[in-house]
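>>> Here's my sequence, what's the structure:
(one chain, ligands or ions: 2)
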Amino acid sequence: MAELTKDVRYIKGIGEKKALALNKLGVFSLYDLVSYFPRRYEDRSLERAIAETMDGESVTLRVLIADQPRLTRVRRGMELVKFRAVDESGSVDITYFNQSYMANQFNRGDEVRFFGRVEVKGTHRSMVNPVFELTEKPNGQVGRIVPVYRLTAGLSQRAIQQAVRQGLDACGEQLPDLLPDEVREREQLVQARWAYEQIHFPSDFGTLELARRRLIFEELFILACALGDMRRKRVAEDGIVVPAPDFEEFFRALPFPPTGAQRRAIGDASLDMASGKAMSRLVQGDVGSGKTLVAAAMIWSCWKGGHMSAFMAPTELLAEQHFETLTGFLAPLGLRLGRLTGSLTAKEKRTVKQQLRDGEIDCVIGTHALFSEDVEYRDLGLVVTDEQHRFGVGQRAALIGKGQRPHVLVMSATPIPRTLALILYGDLDVSIIDELPPGRQRVDTFAVDESYRDRLNGFIRKLVGEGRQVFVVCPMVEENEELPTHLKSAEEHAETLRQTFPELTVGCVHGKMKPKEKDKAMAAFVAGETNILVATTVIEVGVDVPNAALMVVENAERFGLSQLHQLRGRVGRGRHKSWCILVSDNDSPEVKARLDIMHKSSDGFKISEEDLRLRGPGDFFGSRQHGLPEMHVADLGADAKVLQDAQREAQALLASDPDLSRPEHRALKNRIDLLFARSDASFN
Ligand code: ADP
Ligand code: MG
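Residues are numbered from 1 along each chain as shown. Ligands and ions are numbered 1, 2, ... in the order given. Below you'll find the model as predicted:
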């Protein structure tokens, strides 16, 4: 039996050239090869007698060639090979277009199996360009369910099928079973060797389903074990003890009473910080639920205990806003706040860094510059990061490595369905803020098409006349994407609006601008200097402009629901009645259904569940933003039930063998160690 780590180029039957092509598909080792699962299957298993076939049916026929194939040239550049084939029930005409070599493939009297679509006209039956097989082979092309793989240049379906066949044969009977026997038995899962065979070359759809279930379970089980392992290592870390202060003192200084959900999250985090172990807690709450206040309370508590805090935001602008907000909450209580952002001069930066070394700042706010090498903290007790889904699992770990072992509080405004949160935040404790501060008004949301353009423009004019501001969001256009003509790019649309509203100022921010220019355009809008801001989704993340009362989303069909919900959360943040208008000329029922959910619901969790259901997890976070390793078979949205089972089994296993040191768990342990090794590369 070959080692699973063996390079594919050394597997019998796979040469240098084929190996290179496989590499392009991400297949390097024997394990990669046997885990390169089909994208779909073609059912060629239905065998019929000729006379029983129906028009349009795809079937396999077992027939005799009844006359010698003839090659004819119909007109220039068009060649036909035609012949008749028979079985006991009747006859069929077979034609190949532009494959003249087919004339020499068959001889009168040969027994051949053909797979193709039958055309029936009266009593006449025919088949065009069928797949054929002269002799029966173990993993042949007809008479069975055939796997269909994702291809790359230089590899045909047949070539991949053969390579996988060689791979499975090289594994012999011994493909290691990563699942402990008792787990496999309890969950009624088939054995690994059989599952790998069946997922590539299924005997029937029943066995395929058994194989899939086993492999999905295995994949999710490994992921759950890996996250559980990370969590265990973390929980074992000693942390700074921050005794719980009397938070009433903090609450009394606020301009409003905290909500029950805010109090609960503060209580959870406070217990963590007093426990003697390092906290890793996620505070998850809808836009506007008041997460910043929770962070402020913990920063205050940390300061009471005699330690510094650092608050990391994803953009400069957000760092500035958080600096303002946190100063409002904390400066009156005696804390010294500082900021470390790109807009400071070199001299100012030096001063702040010096103050951090000397412990003259109690809370510093900035972007990830906070964790660059030349920043030293005298006594860092707490790190808060905002909008965590922008950072991967690997980055999170790097961040904790700074200095001592600070407590970590992560805030996310992306409501995530429970099933996904289990996995995504498997290494974090979670507090959910499921209550909005009182008096929040709902943002009225409508989906419209182009025929409403004039009315929409009139509405914009009216609102701006009343002193309000307007966001207009256009879809992000990828660097190399052909721009379909109906899509509005932010820049062009801004120009159109300038012509439509010559009396108004229209700003624009998009991804291709330099960070400095972007911040300048955003800052002008925040300051009320621009009436309308046209933007790509760069504004998705928590910018606060209380005077903005209208969010217009162009080509709304291009956005996920969760994204639309985030965008909508940019308005309705002040005392003004606010609206969200989703413009889309796409009238497909799915798009209509999606936009209708936005009209009806303002609950971020509910919307995210729907989003996951309608789009699947791949799109849910955009490409690989979530920092999880790529899934081969499992679908984190659709396989929620299996996910729960895998999670439970993983927990039980880790409880009985915490560091997976028992010999029967060695293969599993190796697999887990490999899991994040590859995916982490993308965060550097
Ligand atoms: P998010 O969870 O989106 O980060 P913020 O922390 O920015 O939300 O809070 C949104 C707004 O709600 C802020 O203007 C904040 O001052 C206000 N706010 C927070 N908590 C309360 C509360 N308990 N009562 C009233 N207003 C609150
Ligand atoms: Mg926020």
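>>> Starting from the lengthiest helix in the chain, tell me the next helix or strand along the chain.
What stands out as the longest helix in the chain, according to DSSP state H, is helix 205-235. Scanning forward in sequence from helix 205-235 by DSSP states H and E, the next helix or strand is helix 248-252.
>>> For this protein, which residues are neighbours of ligand 1?
256, 258-259, 262, 285, 287-293, 413, 437, 542 (Cβ under 6 Å from any ligand atom). From N, CA and C alone the C-beta is placed, and that goes for glycine too.
>>> Most neighbours among the residues you listed, please name it.
Neighbour counts for the residues of the chain next to ligand 1 peak at residue 289, which has 27 neighbours (criterion: other Cβ atoms under 10 Å).
>>> hang on, the earlier thing: return the member of the residues of the chain next to ligand 1 nearest to residue 300.
Distances from residue 300 to the residues of the chain next to ligand 1, taken as Cβ to Cβ, are shortest for residue 293 (10.4 Å).
>>> all helices for the stretch 351-500 of the chain, in order.
Taking DSSP state H, counting those that start in this stretch as the test, the helices found in the stretch 351-500 of the chain are 393-400, 418-424, 453-465, 490-500.
>>> What's the local residue count around residue 91?
Counted with other Cβ under 10 Å, the neighbours of residue 91 add up to 16.
>>> That one and ligand 1, how far apart?
73 Å (Cβ to the nearest ligand atom, to the nearest Å).
>>> Please pull up the helix or strand immediately following the helix or strand encompassing that residue.
Element membership of residue 91, judged by DSSP H and E, is strand 90-97. As assigned by DSSP H and E, the chain's next helix or strand after strand 90-97 is strand 111-121.
>>> ok and that next one relative to strand 90-97, angle-wise?
Inter-element angle recorded for strand 111-121 and strand 90-97: 90 degrees (by axes from the mean of the first three to the mean of the last three Cα atoms, to 10 degrees).
>>> Strand 111-121 packs against which elements?
On a contact count with 3 or more Cβ pairs under 8 Å, 6 or more residues apart in numbering; DSSP states H and E, strand 111-121 meets strand 58-65, strand 124-128, strand 131-133.
>>> Highest mean neighbour count out of those strands?
Comparing these by mean neighbour count (mean count of other Cβ atoms under 10 Å), strand 58-65 comes out on top with a mean of 20.
>>> Report the backbone C-alpha coordinates of that one in CSV.
Extracted in CSV, the C-alpha atoms of strand 58-65 (Å, rounded to 0.1, in the frame of the first residue of the first chain):
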residue,chain,number,x,y,z
SER,A,58,-30.9,8.7,-22.3
VAL,A,59,-30.2,5.0,-22.3
THR,A,60,-27.5,2.3,-22.7
LEU,A,61,-28.2,-0.1,-25.6
ARG,A,62,-26.5,-3.5,-26.0
VAL,A,63,-26.5,-4.1,-29.7
LEU,A,64,-24.9,-5.8,-32.7
ILE,A,65,-23.5,-3.7,-35.6
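>>> Quick one: list the elements packing against it.
strand 78-87, strand 111-121.
>>> Am I right that residue 657 is in contact with residue 666?
No: Residue 657 is beyond contact range of residue 666, at 11.0 Å (criterion: Cβ atoms under 8 Å).
>>> Distance from the chain centre to stretch 38-57, please.
36 Å (Cα atoms, centre = their mean, to the nearest Å).
>>> Next one, pLDDT for the closest residue to residue 575 other than its chain neighbours please.
The shortest distance from residue 575 to any non-neighbouring residue, by Cβ to Cβ, 6 or more residues apart in numbering, is to residue 546 (7.6 Å). At residue 546, the model reports a pLDDT of 88.
>>> Now for the nearest residue to residue 297 once chain neighbours are set aside: which residues touch it?
Excluding its sequence neighbours, the residue lying closest to residue 297 (Cβ to Cβ, 6+ apart) is residue 266, at 4.7 Å. Counting by Cβ atoms under 8 Å, 6 or more residues apart in numbering, residue 266 touches 247, 258, 294, 297-298.
>>> tell me the pLDDT at residue 266?
Looking at residue 266, its pLDDT stands at 98.
>>> for residue 15, same thing?
At residue 15, pLDDT is 84.
>>> what pairs with residue 133 across the strands?
Beta-bridge pairing of residue 133 under DSSP bridges involves residue 113.
>>> Return the per-residue confidence for it.
88.
>>> does it really touch residue 144, like I thought?
No: contact criterion Cβ under 8 Å: residue 133 and residue 144 do not qualify, at 10.1 Å.
>>> out of everything not next to it in sequence, what's closest to residue 94?
residue 127 (5.2 Å).
>>> who's the residue nearest to residue 47 when sequence neighbours are not counted bridged to?
Excluding the flanking residues, the one nearest residue 47 by Cβ to Cβ, 6+ apart is residue 60, at 4.8 Å. On the basis of DSSP bridges, residue 60 is bridged to residue 47, residue 115.
>>> Counting by contacts, list what the strand holding residue 91 packs against.
Checking 3+ Cβ pairs under 8 Å, 6+ apart, strand 90-97 ends up next to strand 78-87, strand 124-128.
>>> Export those as a markdown table, with columns for mean pLDDT.
Output for those, formatted as a markdown table (pLDDT from 0 to 100):
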| stretch | mean pLDDT |
| --- | --- |
| strand 78-87 | 93 |
| strand 124-128 | 95 |
